[in-house]
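S.K.: Got a predicted model here, sequence first, then my questions.
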Amino acid sequence: MKYKDGTILIVDDEMGGRIGEHVQEQLGRHVICYESGREAIDAVENDMAYSLAFVDLSLPDIGGDEVINVSKRKNPNTPVVCISRYDYLPKGANETLIKPFWPSDIERIINRYLPTKS
């Protein structure tokens, strides 16, 4: 399973689809969304290529920190943004996006890690 450069992985059981739609419509980025940590881990373990990941810490099946650990093991140079209700930076995450947040917060992070090519 491979995707083009610039793909954004979103793992969030509550807002993943809405975030993904916004990113695709407003920024024209390719987005893959998973609502379960297990599905995301399976995709990452099967060599899914992505350039940036947003991972919610509170997933219904496994902890987001486990998804972050697998992501960093398989793709050590790919930035991971933790989504949380708390100001907490788990090992392996580059930064934390604290809930609630605005679409402009997502855009700012994406533009920082994946600048638009001229």
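M.R.: On my side now, so go ahead.

S.K.: Just name the shakiest helix or strand of the protein by mean pLDDT.
M.R.: Across the helices and strands of the chain, mean confidence by mean pLDDT, DSSP states H and E is lowest for helix 16-27: a mean of 80.

S.K.: other SSEs contacting that one?
M.R.: Applying 3 or more CB pairs under 8 Å, 6 or more residues apart in numbering; DSSP states H and E, we find helix 16-27 packed against strand 8-11, strand 31-34, helix 103-113. (Each C-beta comes from the backbone N, C-alpha and C, glycine too.)

S.K.: chain center to it, what's the gap?
M.R.: 12 Å (CA atoms, centre = their mean, to the nearest Å).

S.K.: rewinding a little: hey, which of the helices and strands packed on helix 16-27 is tucked in deepest?
M.R.: Mean neighbour count (mean count of other CB atoms under 10 Å) peaks for strand 8-11 among the helices and strands packed on helix 16-27, with a mean of 27.

S.K.: Tell me which residue lies nearest the centroid of the chain.
M.R.: Centroid-nearest residue in the chain: Phe54, 1.9 Å away (criterion: CA atoms, centre = their mean).

S.K.: Who is the residue nearest to Asp87 when sequence neighbours are not counted paired with across the strands?
M.R.: Excluding its sequence neighbours, the residue lying closest to Asp87 (CB to CB, 6 or more residues apart in numbering) is Ile98, at 6.0 Å. The partner list for Ile98 in beta bridges (DSSP bridges) reads Ser84.
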